[in-house]
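[1] sequence and predicted structure are below.
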Amino acid sequence: MAHTHSAYPLNILAVLVLLFLFNPFQKVTAVGINYGTLGNNLPSPKRVAQLLQSTLIDKVKIYDTNPQILQAFSNTGIDLIVAVENYHVSNISTSTSAADEWFSTRISPFIPATSVVAIAVGNEYLTADDGDDDLDPKALLQAMQNLHGVLLSRGLDRKIKISTPHSMAILASSFPPSSSTFATTLMPIMTSIVGFLSDTGSPFMVNAYPYFAYRDNPGMINLEYALLGNSSGVRDPKGYVYSNMLDAQIDAIHSAINALGFGNRSVKIIVSESGWPSKGDAGESAATPENAKTYNTRLIERGQSNKGTPMRPKDSIEIFVFALFNENKKEGGTSERNFGIFNGDGSKVYEVDLSCEFCSGDAEKLGFGEKVSGVARGPSVWCVAKPHADEKVIQAVLDFSCGPGGVDCREIYESGDCFQPNKIHAHASYAMNAYYQMHGRNYWNCDFKGTGLVTFSDPSYGTCRYSQQ
């Protein structure tokens, strides 16, 4: 679709530019959360998606390609990281056609309405201790390369990145951070994986848990340091001072990447999992609701701070909290089933503030058992059709939005909440706004050959709700 920027109303453009330049909150980032589903008492994906729209959570990481979840998050403005399960990696590694088939059946039907931004190939694949001898390290790299090839052929390689989450066990040691290296046996495959990530502009994902380090060495590690709150700091021989263990773990990964010879090439690190359990077995005395609340509150603040680490102070770190729910069917000890902020019935395990200052609705009062309607993300801006725009052009815009544009237009069908008034401009406004929200609310996404208009007034009416990012 051609974008004629000159047709865009100058006064609206000026307002948007001013908002961008002078909005004091524009540098505040939201955080991600891990949404596991190994439970028999969890809310429906649709209810989960509705709730999260009213919180500061703007990214969700899942552990498969559950079609109900992918559908539920369509047109929500929340980004998804989906996953290839460990047992699927081998098959996808066999050929690009196998990877293409996986993508075509699992992901393609849901994009772009659902914003998939990354595919996590495996989970802790290189250090998995699940008794599976078939987890070939070379298959992991080949699967990543095959999936990237699929994205490249479809022109999606900039939108969707390929990575793989690692545990801290990939390191020979994590302290001191400045001396950390990858385990000797993993050096060859890690060199290839980091090279792939660097070449494709993809992030290095690490699951970092100060909790486990503290649990296994309570006599050597200060609890407050593990809980992200030791202001006195721990000193690295090279002069770096760490006020919390998570930053030290992140910098240990930085050092290991540098040791491979990638110091001059940019590889962004994402904390793909981090959290603290609220309950544990004997010997896990630190697994309490109070400690979990303290850790996750500080973790969320850390994710929103845009701060780097002592080694890389200018490189902000994206963080995904583990986890959204307690999962009562998860294997392992008690603590493995109790990392959730929410119980399966939707009640909070402990109080953590997930409210979004710029979202409509009172997020603090919302729960999974309540109906959420018309919730919004960010400053409220919508896109509608200009009242006197040419109907032929409007019809073409509507056809595009509901077709190639990927908008879910069921609400403007005859049985939908937005069918009335049955007028072309009304239907087009709904579809244009959904497309605009879906693509990041850039002013050119509301151009539509000069027929679109950005508005700061909510066009919703009755039961017809216009989506917001």
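    Ah, there it is. Numbering: from 1, shown residues only.
[2] next, residue 438: phi, psi?
    Listed backbone geometry of residue 438 is phi -60, psi -30, with angles given as degrees, to the nearest 10.
[3] give me the number of residues near it?
    By the criterion of other C-beta atoms under 10 Å, residue 438 has 25 neighbours. Yep, even glycine has a C-beta here, placed from its N, CA and C like the rest.
[4] how close does it get to residue 93?
    For residue 438, the distance to residue 93 equals 32 Å [C-beta to C-beta, to the nearest Å].
[5] ok, now residue 79?
    From residue 79 across to residue 93, the span is 26 Å (C-beta to C-beta).
[6] neighbour count: those two, which is higher?
    In terms of neighbours (other C-beta under 10 Å), residue 93 is the more surrounded of residue 79 and residue 93; the figures are 22 against 17.
[7] ok now do the more buried one, which residues does it touch?
    For residue 93, the residues meeting the contact criterion (C-beta atoms under 8 Å, 6 or more residues apart in numbering) are 136, 138, 139, 140, 142, 143, 146.
[8] beta partners of the most centrally placed residue in the chain?
    Here the mean C-alpha position of the chain is nearest to the C-alpha of residue 59 (C-alpha atoms, centre = their mean), at a distance of 2.8 Å. Under the criterion DSSP bridges, residue 59 forms beta bridges with residue 32, residue 79.
[9] report the beta-bridge partners for residue 121.
    residue 84.
[10] ok, it to residue 150 distance?
    Counting by C-beta to C-beta, the separation of residue 121 from residue 150 is 12 Å.
[11] cool, and residue 115?
    Taking C-beta to C-beta as the measure, residue 115 falls 18 Å from residue 150.
[12] the stretch 1-150 of the chain: strands as residue ranges?
    Along the stretch 1-150 of the chain, the stretches classed as strands by DSSP state E, counting those that start in this stretch are 31-34, 57-61, 79-84, 116-121.
[13] for the third one, list the C-alpha coordinates in PDB.
    So the one you mean is strand 79-84. Taking Å, rounded to 0.1, in the frame of the first residue of the first chain, the C-alpha atoms of strand 79-84 are listed here in PDB:
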ATOM      1  CA  ASP A  79       3.700  -8.900  21.500                       C
ATOM      2  CA  LEU A  80       4.200 -12.700  21.600                       C
ATOM      3  CA  ILE A  81       7.200 -14.800  21.700                       C
ATOM      4  CA  VAL A  82       6.300 -18.300  20.700                       C
ATOM      5  CA  ALA A  83       8.300 -21.500  21.000                       C
ATOM      6  CA  VAL A  84       9.400 -24.700  19.300                       C
END
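[14] list the buried residues in that strand.
    Taking 16 or more other C-beta atoms under 10 Å as the basis for neighbour counts, the residues of strand 79-84 that come out buried are 79, 80, 81, 82, 83, 84.
[15] and it, what does it pack against?
    Contact analysis of strand 79-84 by 3 or more C-beta pairs under 8 Å, 6 or more residues apart in numbering; DSSP states H and E lists strand 57-61, helix 67-72, strand 116-121 as its packing neighbours.
[16] which of these sits closest to residue 412?
    For the helices and strands packed on strand 79-84, the distance to residue 412 is smallest for helix 67-72, at 18.1 Å, taking C-beta to C-beta.
[17] same for the closest one, what does it pack against?
    helix 45-52, strand 79-84.
[18] give me that answer again for 10 Å
    Packing partners of helix 67-72 (3 or more C-beta pairs under 10 Å, 6 or more residues apart in numbering; DSSP states H and E): helix 45-52, strand 79-84, helix 96-106.
[19] mind checking how far the longest one is from the chain centre?
    Pointing back at helix 96-106 there. Counting by C-alpha atoms, centre = their mean, to the nearest Å, helix 96-106 is centred 22 Å from the centre of its parent chain.
[20] dump the strands of the stretch 1-150 of the chain into CSV; add mean pLDDT and distance to residue 258 as well.
    Below are the strands of the stretch 1-150 of the chain laid out as CSV (pLDDT from 0 to 100; distance: least, C-beta to C-beta, whole Å):
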stretch, mean pLDDT, distance to residue 258
strand 31-34, 94, 26
strand 57-61, 93, 26
strand 79-84, 96, 26
strand 116-121, 96, 23
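[21] in TSV: those, plus distance to residue 210.
    Rendered in TSV, the data for the strands of the stretch 1-150 of the chain read as follows (distance: least, C-beta to C-beta, whole Å):
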stretch	distance to residue 210
strand 31-34	16
strand 57-61	19
strand 79-84	22
strand 116-121	22
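[22] closest to residue 40 out of those?
    Here strand 31-34 is closest among these (C-beta to C-beta), at 18.6 Å.
[23] coming back round to it: out of the contacts of residue 93, who's nearest residue 214?
    Compare each of the contacts of residue 93 with residue 214 using C-beta to C-beta and the shortest gap goes to residue 140, at 29.6 Å.
[24] if I read this right, that closest one contacts residue 122, doesn't it?
    Yes - if you go by C-beta atoms under 10 Å, residue 140 and residue 122 touch, sitting 5.8 Å apart.
[25] what comes up buried for the helix or strand hosting residue 437?
    Using DSSP states H and E, the element containing residue 437 is helix 424-438. Of the residues in helix 424-438, those buried by neighbour count under the rule 16+ other C-beta under 10 Å are 425-438.
[26] just these: which has the poorest pLDDT?
    Among the buried residues of helix 424-438, residue 438 has the lowest pLDDT, at 85.
[27] doesn't residue 116 make contact with that one?
    No - contact between residue 438 and residue 116 fails when scored by C-beta under 10 Å: they sit 11.9 Å apart.
[28] between the helices and strands packed on strand 79-84, which one is nearest to residue 241?
    Evaluated with C-beta to C-beta, the helices and strands packed on strand 79-84 place strand 57-61 nearest to residue 241, the distance being 30.0 Å.
[29] what is the neighbour count of residue 221?
    Other residues within reach of residue 221 by the criterion other C-beta under 10 Å amount to 18.
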